[in-house]
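Participant: I'd like to go over a predicted model; first the sequence, then the structure.
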Amino acid sequence: MPKSRGTEDGFCLLAACPPGLGTPSARASTHRLAHAVPCFAVGRYEEGAVAARWPRGKWWTRRRR
């Protein structure tokens, strides 16, 4: 994530570039983590915990290599 002026700028950037349905799981999870970390840094703990969670049903359905 490029350096921004503050957490709100970072959240706007992440919202503008969400992972799509075909995004590999590693990239999608990195996007979720990139949203969670600033949430925890500014005290938005509940939002950060929700952002860090794997979407419902995705954890068990992903393919193992």
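Facilitator: Arrived safely. Numbers count the residues shown, from 1 in each chain.

Participant: so for this protein, the centremost residue is which one?
Facilitator: Per CA atoms, centre = their mean, the C-alpha nearest to the average position across the chain is that of Arg32, at 1.3 Å.

Participant: can you tell me the closest non-neighbouring residue to it?
Facilitator: Of all residues not flanking Arg32 in the chain, Ala51 sits nearest, at 5.6 Å (CB to CB, 6 or more residues apart in numbering). C-beta here means a position set from N, CA and C on the backbone, and glycine is covered the same way.

Participant: look up how far Gly43 lies from Pro19.
Facilitator: 26 Å (CB to CB, to the nearest Å).

Participant: ok, these two, which is more surrounded?
Facilitator: Neighbours per residue (other CB atoms under 10 Å) separate Pro19 from Gly43, with Pro19 holding more: 15 against 8.

Participant: for the nearest residue to the more buried one once chain neighbours are set aside, the count of nearby residues, please.
Facilitator: With CB to CB, 6+ apart as the criterion, Pro19 has its nearest non-adjacent residue at 4.2 Å, and that residue is Ala28. Counted with other CB under 10 Å, the neighbours of Ala28 add up to 19.

Participant: what's the distance between Ala28 and Tyr45?
Facilitator: Distance, Ala28 to Tyr45, using CB to CB: 22 Å.

Participant: in contact with Val37, which residues?
Facilitator: By CB atoms under 8 Å, 6 or more residues apart in numbering, the residues touching Val37 are Gly48.

Participant: tell me where the protein has helices.
Facilitator: All helices of the chain, identified by DSSP state H, fall at 7-16, 25-41, 45-52, 58-61.

Participant: a markdown table for the ones you listed, including mean pLDDT?
Facilitator: Output for the helices of the chain, formatted as a markdown table (pLDDT from 0 to 100):
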| stretch | mean pLDDT |
| --- | --- |
| helix 7-16 | 86 |
| helix 25-41 | 88 |
| helix 45-52 | 88 |
| helix 58-61 | 46 |
